[in-house]
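1. would you be able to build a 3D model of this:
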Amino acid sequence: MDSRDRAARGAARRQAKERAVLIAAYREGLGFAAIVATGSPVSFRVLAPVPTRGDAACAAEAAAARWWCRRERDAERVCTAATARLRRRQSCDEATHLARDHSEPGRSAPSAPPLVEEVMIAAAKKLSVTLYSEEDIAAEAEQIIARVEDEIERLRRSGRFKSVNSSYRVHRMEASARGEKVVPYAEWLSKYKANLVRQLAGALRYA
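-> Model prediction:
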């Protein structure tokens, strides 16, 4: 791999990382709550609302699946209903396996995994709560992200982005004066964009 390939891959990784941060900022602005399915046997729990810095903690749940709700109370309702459905389903499966074991001596019962997604979707449907997948939220977030990036580009073309760059210079001088590590401009700008996305999403939340 030559230097150009390494540079291209590095740029792609940075772009993907920034996109993930911006999508997380969109979720924060709208106050999305996460429902995760974890463990064995599977159980559901709500992580809400999930801040950007909490994404690693959410991933650490080793979730078998993840869904999102616009309101935490709806997530709690769906989680409770889905848990009850899953337990009933597991009880029925266990009864079926037990009956099979008695009727067919020497044959072990197959280990059928719980239909986690089916249970979750059915619970949300009964409660008339909309569930959002990671892909759903990313598609919605892209519209807000595009607005932010278009506005930044417009400010750059008109020369009015200088005030934003001046803010970074102030940050750099203040951090240096305190003996702190100076955040690179690209990282600082990514956080600036994330704040704009978060604010726009928050405006939609209360519109």
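2. and the closest residue to Ala65 other than its chain neighbours, how far from Leu196?
-> Leaving out its chain neighbours, the residue that sits closest to Ala65 by Cβ to Cβ, 6 or more residues apart in numbering is Ala37, at 4.7 Å. Placement of C-beta: from N, CA and C, glycine included. According to Cβ to Cβ, to the nearest Å, Ala37 and Leu196 sit 33 Å apart.
3. neighbour count for those two, which is higher?
-> Ala37 (23 against 20; other Cβ atoms under 10 Å).
4. quick one, phi psi at Val119?
-> Backbone dihedrals for Val119, given as degrees, to the nearest 10, come out at phi -60, psi -40.
5. quick check, pLDDT for it.
-> Predicted confidence (pLDDT) at Val119: the value is 90.
6. now the strands for the chain?
-> Using DSSP state E, the strands of the chain run over 33-38, 43-47, 65-69.
7. reformat these as TSV; add distance to Gln15 and mean pLDDT.
-> Shown next, in TSV, are these (distance: least, Cβ to Cβ, whole Å; pLDDT from 0 to 100):
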stretch	distance to Gln15	mean pLDDT
strand 33-38	24	87
strand 43-47	27	83
strand 65-69	23	86
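8. show me the one of those that comes nearest Arg13.
-> Arg13 sits nearest to strand 65-69 of all the strands of the chain, at 22.6 Å, using Cβ to Cβ.
9. please save the CA atoms from the closest one in PDB.
-> What follows is strand 65-69, C-alpha atoms only, in PDB (Å, rounded to 0.1, in the frame of the first residue of the first chain):
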ATOM      1  CA  ALA A  65     -30.300  -5.600  18.500                       C
ATOM      2  CA  ARG A  66     -31.000  -1.900  19.100                       C
ATOM      3  CA  TRP A  67     -34.100   0.200  18.400                       C
ATOM      4  CA  TRP A  68     -34.800   3.900  19.100                       C
ATOM      5  CA  CYS A  69     -37.900   5.700  20.300                       C
END
